[in-house]
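Colleague: all I have is the shape, not the residue letters:
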């Protein structure tokens with residue numbers, strides 16, 4: 001009663017049921033746990049990969065905008081609006097990159113937790 005209930009998507013029995021059905025649907029003679037894990041958790045892990053890719057791409061924006069900012073500072077006739085836009089671009093890129101990285105780690109840890117619970121329950125089910 002002190003802790004809130006887990007969401008259904010994180011409940012070990014729900015995760016194990018999804019993994020178990022993917023593991024049992026494998027071709028005859030195949031014992032690939034990795035393939036069942038990929039089938040069960042792949043889409044969520046792919047989402048984490050897209051977030052990491054967005055983070056990495058946004059890391060390149062900083063130096064590019066910084067180069068434009070140096071050009072802006074060297075131009076005595078450049079308007080203040082351009083400088084404000086460049087500063088806002090750096091801030092937006094770094095903020096978005098930080099949020100993407102945070103979400104990437106969140107999804108990876110969550111998928112890892114689900115994978116561990118699914119594999120542990122499968123192993124215990126076979127042993128007992």
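Modeller: Happy to help now that I have it. These numbers were taken from a predicted model, which means no experiment stands behind them.
Colleague: what distance do you get for the one residue sitting closest to the centre of the chain to residue 113?
Modeller: Taking C-alpha atoms, centre = their mean as the criterion, residue 48 is the residue nearest the geometric centre of the chain, at 2.1 Å. Separation of residue 48 from residue 113 (C-beta to C-beta, to the nearest Å): 13 Å. Heads up, the C-betas are built off the backbone N, CA and C, glycines and all.
Colleague: is it true that the residue nearest to the centre of the chain touches residue 112?
Modeller: No - judged on C-beta atoms under 8 Å, residue 48 makes no contact with residue 112 at a distance of 10.1 Å.
Colleague: got a list of what the residue nearest to the residue nearest to the centre of the chain when sequence neighbours are not counted touches?
Modeller: Leaving out its chain neighbours, the residue that sits closest to residue 48 by C-beta to C-beta, 6 or more residues apart in numbering is residue 107, at 3.9 Å. Shown in contact with residue 107 (C-beta atoms under 8 Å, 6 or more residues apart in numbering): 44-45, 47-48, 51.
Colleague: so where does residue 107 fall, helix or strand?
Modeller: helix 80-127 (DSSP states H and E).
Colleague: residue 83: how many residues sit nearby?
Modeller: 15 (other C-beta atoms under 10 Å).
Colleague: skip the chain neighbours and tell me the closest residue to it.
Modeller: That would be residue 72: by C-beta to C-beta, 6+ apart, it lies 5.5 Å from residue 83.
Colleague: what pLDDT, on average, does the helix or strand containing that neighbour get?
Modeller: Secondary structure from DSSP H and E places residue 72 in helix 33-74. Averaging pLDDT along helix 33-74 yields 92.
Colleague: next one: that helix to chain centre, how far?
Modeller: Taking C-alpha atoms, centre = their mean, to the nearest Å, one finds the center of helix 33-74 at 10 Å from the center of the full chain.
Colleague: check stretch 9-26 too.
Modeller: In terms of C-alpha atoms, centre = their mean, the centre of stretch 9-26 is found 21 Å from the chain centre.
Colleague: do you know how far the residue nearest to residue 83 is from residue 58?
Modeller: From residue 72 to residue 58 the distance is 21 Å (C-beta to C-beta).
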